[in-house]
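> Predicted model and sequence below, questions to follow.
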Amino acid sequence: MASFNRVILVGNLTRDPELRYTPGGTAVTDIGLAVNDRRKNAQGEWVEETTFVDVTLWGRTAEIASEYLGKGAPALIEGRLKLDTWESEGQKRSKLKVVGEKLQLLGARGAGQGGGGQGGSGGAPTRRARSAPQGAGNGGGGNSGGGYESGESYGEPTEDDIPF
């Protein structure tokens, strides 16, 4: 029988990304994602439920997440489920995680990510692309985002790739 393991999540980061490198030089970033679900219960009242998911990103995708995302930033992650198991104090433990393979940066420029300058109010600090021309602003703009996949080679993001 065939099997299928795909996950698509849209949520907000619960903490700043933690970028590190393996001894072989591969970038890896761990992020936490809060995914909200709103539905009616048996009494007809709206109930909001939040699910917290740990996501691991690899390669260029990890570097992009570390560079452009911060706590509270919205993101779409596509990947697969992975069960991590370990032993702690003689007890077997396990945790279901997501290995992110695609990352979509969401949100309009400046929306919930600060204003027109570095570290604006109300959200994660804004960051400018390394390739942005001197004097380029961070505010205003559309709702496009760059999609990045692990294992593929991408050049530096352009201003059109950066959602803020």
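Arrived safely. A quick note: this is a predicted structure, and the numbers were derived from the prediction, not measured. Numbers count the residues shown, from 1 in each chain.

> Report the contact partners of the nearest residue to residue 6 once chain neighbours are set aside.
Counting by Cβ to Cβ, 6 or more residues apart in numbering, residue 80 is the residue found nearest to residue 6 once chain neighbours are left out, at 6.4 Å. C-beta here means a position set from N, CA and C on the backbone, and glycine is covered the same way. Residue 80 makes contact with 5, 6, 7, 98, 99, 101 under the criterion Cβ atoms under 8 Å, 6 or more residues apart in numbering.

> Just give the number of residues close to the third one.
Residue crowding around residue 7 was assessed by other Cβ atoms under 10 Å; the count is 16.

> Quick check: it touching residue 96?
No. Residue 7 lies out of contact with residue 96 (Cβ atoms under 8 Å); the separation is 10.0 Å.

> any residues in contact with both of the two?
Joint contacts of residue 7 and residue 96 (Cβ under 8 Å, 6+ apart) are residue 81.

> What residues of stretch 30-42 count as buried?
For stretch 30-42, a neighbour-count test (16 or more other Cβ atoms under 10 Å) marks 30, 31, 32, 33 as buried.

> So which of those sit within strands?
Residues from the buried residues of stretch 30-42 lying in strands, with DSSP state E as the criterion: 30, 31, 32, 33.

> Going through the contacts of residue 80, which ones are buried?
Applying 16+ other Cβ under 10 Å to these flags 7, 98, 99, 101 as buried.

> want to throw those into CSV with distance to residue 22 and pLDDT?
Below are these laid out as CSV (distance: Cβ to Cβ, whole Å; pLDDT from 0 to 100):
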residue, distance to residue 22, pLDDT
7, 23, 95
98, 19, 96
99, 14, 95
101, 17, 94
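
> gap between the two ends of stretch 62-77?
By Cα to Cα, to the nearest Å, the extent of stretch 62-77 from end to end equals 12 Å.

> Same question for it: list its buried residues.
Quick answer for stretch 62-77 (16+ other Cβ under 10 Å): 62-70, 72-77.

> The nearest residue to residue 104 once chain neighbours are set aside: helix or strand, and which one exactly?
With sequence-adjacent residues excluded and distances taken as Cβ to Cβ, 6+ apart, residue 104 is closest to residue 76, at 3.9 Å. Assigned by DSSP states H and E, residue 76 belongs to strand 74-88.
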